[in-house]
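Asks: next comes the sequence, and after it the predicted model I'd like to discuss.
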Amino acid sequence: MSTSAPSLAVWKFASCDGCQLSLLNCEKELLAVADAVQIAYFPEATRGYIEGPYDISLVEGSITTGEDARRIQEVRAVSKRVITIGACATSGGIQALRNSADVRDFTEAVYAHPEYISTLERSTPISAHITVDFQLRGCPIDRAQLLEVVAAFVQGRQPRIPTYSVCVECKRRGLTCVAVAKGMACLGPVTQAGCGALCPSFDRGCYGCFGPQDSANTSSLADRLASAGMTSRDIQRLFSTYNVGSQAFGAQAQREQGGAR
Amino acid sequence: MTRRTLAVNALARVEGEGGMFVQVRDGQVEAVTLDIFEPPRFFEALLRGRDFSEAPDITARICGICPVAYQMSACLAIEDAFGIEVPDEIRLMRRLLYCGEWIESHALHIFFLHAPDFLGFDSGIDMAREHREVVEAALRIKAAGNDLMSVVGGRSVHPVNVKVGGFHRLPTVAELQAIRPRLAAALEDVLAAVPLLAGFEFPDFDQPYLYLALGAGQDYPLEAGRLTTSTGSDMPVAEFGEHVVEEHVEHSNALHARYDGDPYVVGPLARYSLHYDALSPMAKQVAAAAGLSQKCRNPFRSILVRAVELAYALEEAVRVIDDWQGAAAPAIEVPVRAGVGHGATEAPRGLLYHRYRIAEDGSIGEATIVPPTSQNQLAVEGDLRAFVQERLEMPDEQLSYQCETAIRNYDPCISCATHFLDLRVERR
């Protein structure tokens, strides 16, 4: 690592650690990454740290507490570029299911003394609080996409991250369509590519962990699932997972909840 | 009156966000807390009303480091509620996937989170400056575990292939054989690293722990088993709740789990000390080479026990692949019925318990999840108390650093624990 190498910081909010682990999971590239950037702040991996400002900040997790809402402002203030990594940071994560419930009920269900718990009513993505320079999707993110984004920011170019659907990747791999051939419920048509059509390659329908693609027609897909015999409740569940906080998936889940059919 | 405070505001090289606070007054350790400021995510609450089939994927999101543990415990608990048991070949494929997680997680902890403490580096990446070969070998071992998970589970973080009743698709023999040489080579890498680990300087610190681990007869505990303890108990997993009670206490920052009223320990030390006999001859040789006896009560030596388990998991993975005869179907039929089910498996950090009450329509009425880090919380605090009390003469900086190491002995996964832990938003 040269002293002129751009500095990298990794921050965590409400999350499972899986996306920052993806950086450590780049086993073949990790030492090369450590040569190309100065890892200035990454508490999961190192107890050393270098004071900001930082050239690139990777942010994992969603905002669920007042303290974190304050802390993310500090992250923005010390970062030239902020990249969110994963579904929590980008759309609020699975914990955004609380947004359509009463968070007090949730607290009482888990904790004997809800009064000790301080939490916000909603789980929100980082972009609801600060300006974000790039949002990397996935629950978890894809390692190769992470490397591409970090490389792009180091080189000062746009990351090459496709915004088309999983169906494109699925066709490219030559997989048989699990929805057409096997009648499986598959969110591939409305989900952004990036996983390499992983679920269809394991004989299951896509469950949307990369979130909505750029022109997701969720209502059309929901109509098709309903005509194939799926209940509103099951369709609602299908759209209510790791990206329920995204506009497209959240709105479709709401429509199903409202008894659209 | 003299007062001394040791505080580590943000613990590094642990999964999740936590801090440590030790207060000494007049030569006596008074307060010891492991502070948790990881925000709660309410998994038990958001599982209510979900379909049983969603539990393995949803609970995986509790932890990106040990998602398979969550998937496996969830499947066992739900299968128990439905009164079914998967056939042996599916159990073996689960064991293989689980070996991948142990390999990945133990390699990460041994070489990147824990060894730097003993060698005096801030991180595994810094360690590469002087120990490049070791770090490169560690990366190969870790990659072999991750790639095994990808072969069996689709990917290493939140695998997509697990479901109640089995798998969506079984890996082919060709896929399994393709990964085999990497696993065998990784085992050689582990064996080569053992002398380095065994040469570390370990504080003298044997503790009178109560251990709890699964017991699986001839097999070293992993994907199934009964509850066994160092006090000689042996009982079905369904009795977990009769012995383990958790309290939600304000300033302790955790839901403290106790076994029949006492603090206890789960994880590598418990598994090893209770079930040394179930290790393979090769794993026993690794233990001997590492200087371990058949029981281990020094938490600082957990890095050696993890190395034994890492070698075992690699050998076991190769064995399962070599014995693999295929299965009649990737999953068995799942007859939905109302009921309560219990499931426990051995996450890399220790026993992970799930309990579900399921309604007639297959929806989850109630979920209880007890992760290993919640169970070890009291023991970690007890270790810190005893450790500091015996080393009051040490300067603050050195003592704080050793306390950090003492916490990392447990490979705490704060992200896991946090859906139970109290939240204390105080960044000192």
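Replies: Yes, it's here.
Asks: phi first, then psi, for the residue sitting nearest the centre point of chain A.
Replies: Among the residues of chain A, the one closest to the centroid is residue A:87, at 1.5 Å (C-alpha atoms, centre = their mean). In terms of degrees, to the nearest 10, the main-chain angles of residue A:87 are phi -70, psi -30.
Asks: same check, this time on residue A:101
Replies: Geometry field for residue A:101 lists phi and psi as phi -130, psi 180, criterion degrees, to the nearest 10.
Asks: just residue A:25 next, same as before
Replies: Backbone torsions of residue A:25, given as degrees, to the nearest 10, read phi -80, psi 0.
Asks: equivalent analysis for the one 10 residues further on, please.
Replies: Here the main-chain torsion angles of residue A:35 (degrees, to the nearest 10) amount to phi -80, psi -30.
Asks: check residue B:30 too.
Replies: The phi/psi pair for residue B:30 (degrees, to the nearest 10) reads phi -100, psi -60.
Asks: from residue B:21, how far out is it?
Replies: Residue B:30 sits at a distance of 11 Å from residue B:21 (criterion: C-beta to C-beta, to the nearest Å). Any C-beta I mention is one placed from the backbone N, CA and C, and that applies to glycine too.
Asks: how about residue B:161?
Replies: In terms of C-beta to C-beta, residue B:161 sits 42 Å off from residue B:21.
Asks: more neighbours: these two, which one.
Replies: It is residue B:161, of residue B:161 and residue B:21, that has more neighbours when counted by other C-beta atoms under 10 Å in any protein chain shown, with 27 against 20.
Asks: give me every residue that touches the more buried one.
Replies: Residue B:161 sits next to A:202, A:204, B:97, B:152-154, B:167-169 when contact means C-beta atoms under 8 Å, 6 or more residues apart in numbering or on different chains.
Asks: need the helices for chain A, in chain order.
Replies: With DSSP state H as the criterion, chain A has helices at A:18-24, A:30-36, A:66-77, A:87-91, A:103-110, A:143-155, A:166-172, A:178-182, A:198-201, A:218-227, A:232-239, A:247-257.
Asks: likewise for the stretch 51-200 of chain B?
Replies: Shown for the stretch 51-200 of chain B, the helices assigned by DSSP state H, counting those that start in this stretch span residues B:55-60, B:67-81, B:88-107, B:115-119, B:124-127, B:132-153, B:173-198.
Asks: save the ones you listed as JSON lines, and put in mean neighbour count and mean pLDDT too.
Replies: Listed next are the helices of the stretch 51-200 of chain B as JSON lines, based on neighbours: other C-beta atoms under 10 Å in any protein chain shown; pLDDT from 0 to 100:
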{"stretch": "helix B:55-60", "mean neighbour count": "25", "mean pLDDT": "97"}
{"stretch": "helix B:67-81", "mean neighbour count": "27", "mean pLDDT": "98"}
{"stretch": "helix B:88-107", "mean neighbour count": "25", "mean pLDDT": "98"}
{"stretch": "helix B:115-119", "mean neighbour count": "20", "mean pLDDT": "95"}
{"stretch": "helix B:124-127", "mean neighbour count": "23", "mean pLDDT": "92"}
{"stretch": "helix B:132-153", "mean neighbour count": "22", "mean pLDDT": "97"}
{"stretch": "helix B:173-198", "mean neighbour count": "17", "mean pLDDT": "98"}
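Asks: can I get these in a markdown table with distance to chain A?
Replies: Putting the helices of the stretch 51-200 of chain B into a markdown table (distance: least, C-beta to the nearest C-beta, whole Å) gives the following:
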| stretch | distance to chain A |
| --- | --- |
| helix B:55-60 | 6 |
| helix B:67-81 | 7 |
| helix B:88-107 | 8 |
| helix B:115-119 | 8 |
| helix B:124-127 | 5 |
| helix B:132-153 | 4 |
| helix B:173-198 | 11 |
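Asks: show me the shaky parts of chain A.
Replies: Screening chain A residue by residue with the criterion pLDDT under 70, one finds the ranges A:1-3, A:103, A:112, A:115-118, A:259-261.
Asks: at 50 what do you get?
Replies: Scanning chain A for pLDDT under 50 picks out A:1-2.
Asks: tell me which of the helices of the stretch 51-200 of chain B sits nearest to residue B:327.
Replies: Go through the helices of the stretch 51-200 of chain B one by one with C-beta to C-beta and the one that ends up closest to residue B:327 is helix B:88-107, at 3.9 Å.
Asks: what's that closest one packed up against?
Replies: The helices and strands touching helix B:88-107, judged by 3 or more C-beta pairs under 8 Å, 6 or more residues apart in numbering or on different chains; DSSP states H and E, are helix B:67-81, helix B:132-153, strand B:166-167, helix B:302-323.
Asks: which one of these lies nearest to residue B:196?
Replies: Each of the helices and strands packed on helix B:88-107 was scored for nearness to residue B:196 using C-beta to C-beta, and the closest is helix B:132-153 (6.3 Å).
Asks: quick one: the helices in the stretch 301-428 of chain B?
Replies: Counting by DSSP H, counting those that start in this stretch, the helices of the stretch 301-428 of chain B are B:302-323, B:372-389, B:396-408, B:414-417.
Asks: and of those helices, who's closest to chain A?
Replies: Proximity to chain A, assessed across these by C-beta to the nearest C-beta, is greatest for helix B:414-417 (4.8 Å).
Asks: which residues of the stretch 151-300 of chain B fall in strands?
Replies: Under the criterion DSSP state E, counting those that start in this stretch, the stretch 151-300 of chain B contains strands at B:162-163, B:166-167, B:212-215, B:226-229, B:234-235, B:244-249, B:254-259.
Asks: could you report the neighbour count for residue A:226?
Replies: Look at residue A:226: counted by other C-beta under 10 Å, it has 16 neighbours.
Asks: so for stretch A:33-41, what gets flagged as buried?
Replies: Neighbour counts over stretch A:33-41 (16 or more other C-beta atoms under 10 Å in any protein chain shown) mark A:33-34, A:36-41 as buried.
Asks: name the nearest residue to residue B:178, sequence neighbours excluded.
Replies: Computed as C-beta to C-beta, 6 or more residues apart in numbering or on different chains, the closest residue to residue B:178 that is not its neighbour in sequence is residue B:151, at 7.6 Å.
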